[in-house]
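Trainee: Need a 3D model of the following:
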Amino acid sequence: MLAQCTSRKKSHRKSTTTSQNKIPSSIKNKIAEKTLEGAQTKKPVEKSPIILNDKNAIPFFFNYQKENPENEVRITTRFGSIDIRLFNDTPYHRANFIYLTKKGYFNGTTFHRVVPDFIIQGGNSDRYETARKRSEIGKYLLPPDTRNGHKHHRGVISMPSSEIENPYKLASPFEFFIVNQVPGAYHLDGSYTVFGEVISGMEIVDEINKQRIDNRETPLTNIFMEISILE
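Mentor: Down below sits the predicted model:
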């Protein structure tokens, strides 16, 4: 009896080994195809996002403006949309605005400053998300670019200078203002960089400029925005 059981066990092991060695070629092909498919669908290793600063911002935007030629954007608010064409002869300011737009920075920010019959200023908010986005993008300033002679006509978009002690009027890259004043705010010429103009929706600028404000020129009700690239 013992010999018979042993014999059966040996026979079972032999049969199992034989079946493993003789895998049908059709199954082998399927295994090879799945392995190749898995290798091809592996995601490439993403580069770490660049953190901009005063040293690398200009070299970064020098290359970015060549690879990202878009120059029209739409600002969407609860009052309606404002379409803007950015000037190609202010390449760093255009590239900066396009970069921030593609990063989604402006979405959820507000027109946080309104000066009646003068300007509306946007790109900031007191929300945690805005501060977090800024920290992820970096801390940098842009030099003014006024050599092209663009003037602060009504309807242009310009970039304010930083709030820090700033004798060279270095621009705060996260904010912008649109001139509402008629016929323009020409006392700003030469100090701030005009880098685009409203091509549609100036009536929305006027409506925002009429909103009630407090003694800090902040609208009493938040005016949120989203900015997208116009195709």
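Trainee: So the most centrally placed residue in the chain versus residue 229, what's the distance?
Mentor: For the chain, the residue nearest the mean C-alpha position is residue 103 (1.7 Å; Cα atoms, centre = their mean). Between residue 103 and residue 229 the distance is 12 Å, computed by Cβ to Cβ, to the nearest Å. From N, CA and C alone the C-beta is placed, and that goes for glycine too.
Trainee: Find me the pLDDT at the residue nearest to the centre of the chain, would you?
Mentor: With respect to pLDDT, residue 103 scores 97.
Trainee: Residue 209: how many residues sit nearby?
Mentor: 19 (other Cβ atoms under 10 Å).
Trainee: cool, and residue 94?
Mentor: 25.
Trainee: Test my guess that it contacts residue 196.
Mentor: Yes. Using Cβ atoms under 8 Å, residue 94 is in contact with residue 196, at 7.3 Å.
Trainee: Give me the below-cutoff pLDDT ranges for this structure.
Mentor: 1-48, 163-168 (pLDDT under 70).
Trainee: Please, where are all the strands along it?
Mentor: For the chain, the strands defined by DSSP state E occupy 72-77, 80-86, 110-115, 119-124, 156-159, 176-179, 193-200, 226-229.
Trainee: can I get these in JSON lines with mean neighbour count and distance to residue 65?
Mentor: Shown next, in JSON lines, are the strands of the chain (neighbours: other Cβ atoms under 10 Å; distance: least, Cβ to Cβ, whole Å):
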{"stretch": "strand 72-77", "mean neighbour count": "19", "distance to residue 65": "15"}
{"stretch": "strand 80-86", "mean neighbour count": "19", "distance to residue 65": "10"}
{"stretch": "strand 110-115", "mean neighbour count": "21", "distance to residue 65": "26"}
{"stretch": "strand 119-124", "mean neighbour count": "23", "distance to residue 65": "19"}
{"stretch": "strand 156-159", "mean neighbour count": "24", "distance to residue 65": "15"}
{"stretch": "strand 176-179", "mean neighbour count": "26", "distance to residue 65": "17"}
{"stretch": "strand 193-200", "mean neighbour count": "21", "distance to residue 65": "12"}
{"stretch": "strand 226-229", "mean neighbour count": "16", "distance to residue 65": "14"}
